[in-house]
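1. next one to model:
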Amino acid sequence: RVSRLPALRGPVNLGHPAAISIADLAHEVIRLVGTDATVVDGPLPADDPQQRMPDITRAQALFGFQPTVPLKEGLRRTLEDFRPRMPNGASRQVLA
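-> This is a model prediction of the structure:
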């Protein structure tokens with residue numbers, strides 16, 4: 001539907017408006033992949049948001065966007081999509 005919008009200017013944020021920290025996201029990816037990788041905390045830039053939460057107001061107004069897939073399910077589907085295209089065992093090496 002987005003490609004049919006006349007003269008769309010500027011970004012349109014898509015995502016799920018639920019807040020999640022990058023650390024929590026990393027832990028969920030590690031769990032889904034089934035690796036023994038660890039999350040290493042490092043210094044953050046002064047203006048770094050502690051949680052990411054997209055503002056999807058514009059997408060809702062322009063084309064009625066409403067997320068329907070929960071984060072964990074979306075991550076699971078993404079992993080399923082990537083695995084067949086990865087060399088044997090590479091998914092664990094890349095994400096570890």
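2. mind checking what helix or strand follows the strand or helix carrying residue 32 in sequence?
-> Taking DSSP states H and E as the definition, residue 32 sits inside helix 22-33. Using DSSP H and E, the helix or strand that follows helix 22-33 towards the C-terminus is helix 57-63.
3. got the angle between the helix or strand just after that following helix and helix 22-33?
-> Towards the C-terminus, the helix or strand next in line after helix 57-63, according to DSSP H and E, is helix 71-82. Per axes from the mean of the first three to the mean of the last three C-alpha atoms, to 10 degrees, the angle that helix 71-82 makes with helix 22-33 is 50 degrees.
4. show me what counts as buried in helix 71-82.
-> residue 75 (16 or more other C-beta atoms under 10 Å). Placement of C-beta: from N, CA and C, glycine included.
5. what do you get for stretch 7-27?
-> Applying 16+ other C-beta under 10 Å to stretch 7-27 flags 12, 16 as buried.
6. how distant is it from the center of its chain?
-> For stretch 7-27, the gap between its own C-alpha mean and the chain's C-alpha mean amounts to 7 Å (C-alpha atoms, centre = their mean, to the nearest Å).
7. same deal with stretch 70-84?
-> Relative to the mean C-alpha coordinate of its chain, stretch 70-84 is positioned 10 Å out (C-alpha atoms, centre = their mean).
8. what about residue 59, neighbour count?
-> When neighbours are defined as other C-beta atoms under 10 Å, residue 59 has 19 of them.
9. what is the neighbour count of the closest residue in space to it that isn't next to it in sequence?
-> Beyond its immediate neighbours in the sequence, the residue positioned closest to residue 59 (C-beta to C-beta, 6 or more residues apart in numbering) is residue 65, lying 3.7 Å away. Residue 65 has 18 neighbours, counted by other C-beta under 10 Å.
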